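>>> A predicted structure for the sequence below; I have some questions about it.
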Amino acid sequence: MPGYSRFLSERASLIQPSPLSSIISKINEIAKKGIKVISFAAGDPDPNVLPREELSKISQEILHDIPSSVLYTPSIGLEELREELSKFISRYDFTVSSDELILTGGSTVAIDLLARILVDSGDIVILENPSYINTLLAFRQLGADLIGVNIDENGMNVEELEKTLKNLGEKLNRVKFIYTIPTCQNPAGVTMSLERRKNLLEIATKYDLLILEDTAYNYLYFGEHTLPTLKSMDKEGRVIATGTLSKIMGTGFRIGWLAAPNDLRKLIIAEKQQIEFCPPTISQYLAIEFLKRRIYERSIEKAKRVYQEKLRVMLGLLKDRISEARFIEPKGGMFIMLELPNIDGEKFSNDLLENKAVATIPAKKFHVQGGENRIRLNFSRPSIQEIEEGIMRFAEYYRNYEKRDGE
């Protein structure tokens, strides 16, 4: 057998496995023993709030009536879906034409494709600290140097951002873009204030930078009126936006999108054709009907109502049972991030899963720096009963853990 290491590319040394997949594997191993795990680890919506019955009936119609539903589509996606999606995005996010959209297998693919055409090894990407782990890994695999800007209850600290840019000196020209999830951020759940959104755009203009805006959680904002997207406020073409239907239609359908300027769009399509020729075709046809029949309206309304109640229950229990925990109360989305005094988040999370069958995600790997004592919790996927039982187990184990560490 040959020694494969000598055949590996230099980029292979930068590839890291996602901790999210690792946690799922551990959950499955425990479940095989007949132990029911309460999971706060997933990034999934609640399948009971998704329009499964309607989509089931529609899928049968599509497979029966549309033979091409099992074949390739154009790499940029079906024209009819791009048209319906442009109406949907224009209603909720920003005005966009169907010709500007590239459909992808989820927004993670969209982000990766954009990074592939912008980032060389040694380039700099600036992002929130913490930020979505799989995006961090995608940038690092390309050899990017990541700079994290801390967040608070109003989102990215733009004063810290500007200081960071000033301190870069000659390296400033290596900054390729600022990546942000302004609304219902993953993993911290924070939403960037309107003032900071304006300031971020001003900074991008001042330092001649691009912004990559991830809108994955926009439709789960609990407020009556969502704050304007950066893309909708952009007057100079500096904002490139990505999004997905995953959180309101179902993560397994893998329908994401990217809206980019024409010059970049051509390169992205060419790169995409070599990696992901087209998103799942049956999913595209389902998405057409999901949008055309306005099923999304009921899906969004139900998801926000159910998740808001789940979050209320989780927050109440955390405040009551773990008063030491620090966190920013989310205004929507699917996640809350706890900061727990005097613990190693990774060790605690592993021990909690092994001893109490409660799955969480240690948040250190979501950070460019820091985060050792932080843990991400998902409130959208578990039922209210699971939230109540899971937080009770969590709190009990934390109390004993704290005493044991203090001995």
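Thanks, I have the structure now.
>>> and the closest residue to Ile66 other than its chain neighbours, what does it touch?
Distances taken as C-beta to C-beta, 6 or more residues apart in numbering place Tyr285 nearest to Ile66, at 6.3 Å, with adjacent residues excluded. Where C-beta positions appear, they are placed from N, C-alpha and C, glycine not excepted. By C-beta atoms under 8 Å, 6 or more residues apart in numbering, the residues touching Tyr285 are 62, 66, 69, 78, 81.
>>> what does Ala260 give?
Ala260 sits next to 100, 102, 114, 240, 268 when contact means C-beta under 8 Å, 6+ apart.
>>> in which helix or strand would I find the second one?
Just to be clear, that refers to Ile102. Assigned by DSSP states H and E, Ile102 falls within strand 101-104.
>>> swap in His64?
helix 52-65.
>>> Please, where are all the helices along the stretch 101-250 of the chain?
Assigned by DSSP state H, counting those that start in this stretch, the helices in the stretch 101-250 of the chain fall at 107-118, 133-141, 158-167, 194-206, 230-233, 246-249.
>>> and whichever helix or strand comes after the helix holding His64, what other elements does it pack with?
Using DSSP H and E, the next helix or strand after helix 52-65 towards the C-terminus is helix 79-92. Packing partners of helix 79-92 (3 or more C-beta pairs under 8 Å, 6 or more residues apart in numbering; DSSP states H and E): strand 101-104, strand 256-259, helix 281-292.
>>> picking that back up, just the buried subset of the contacts of Tyr285, please.
Among these, those scoring as buried are 62, 69, 78, 81 (criterion: 16 or more other C-beta atoms under 10 Å).
>>> show me the contacts for the first one.
Ile62 sits next to 69, 282, 285-286, 289 when contact means C-beta under 8 Å, 6+ apart.
>>> Mind doing that once more with 10 Å?
55, 68-70, 281-282, 284-286, 288-289 (C-beta atoms under 10 Å, 6 or more residues apart in numbering).
>>> same thing with Leu8?
Leu8 makes contacts with Ile15, as judged by C-beta under 10 Å, 6+ apart.
>>> Let me see the ranges of the strands in this structure.
38-39, 101-104, 124-129, 145-152, 155-156, 175-180, 211-214, 239-244, 256-259, 335-339, 358-359, 361-362, 374-378 (DSSP state E).
>>> Show me the strands paired with the third one, marking each as parallel or antiparallel.
When pairing is defined by DSSP bridges, strand 124-129 lines up against strand 145-152 (parallel), strand 175-180 (parallel).
>>> what number of residues lie near the residue nearest to Gly223 when sequence neighbours are not counted?
Once flanking residues are discounted, Gly223 sits nearest to Lys331: 6.2 Å by C-beta to C-beta, 6+ apart. Lys331: 19 surrounding residues under other C-beta atoms under 10 Å.
>>> Give me the phi and psi angles of Lys331.
The phi/psi pair for Lys331 (degrees, to the nearest 10) reads phi -100, psi 10.
>>> mind giving me JSON lines with the buried ones among the contacts of Tyr285 and columns for pLDDT and distance to Thr360?
What follows is the buried ones among the contacts of Tyr285, written out as JSON lines (pLDDT from 0 to 100; distance: C-beta to C-beta, whole Å):
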{"residue": "Ile62", "pLDDT": "93", "distance to Thr360": "38"}
{"residue": "Ser69", "pLDDT": "88", "distance to Thr360": "39"}
{"residue": "Leu78", "pLDDT": "96", "distance to Thr360": "39"}
{"residue": "Leu81", "pLDDT": "97", "distance to Thr360": "36"}
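>>> which one of those residues sits closest to Glu301?
Nearest to Glu301 out of the buried ones among the contacts of Tyr285 is Leu81 (C-beta to C-beta; 22.5 Å).
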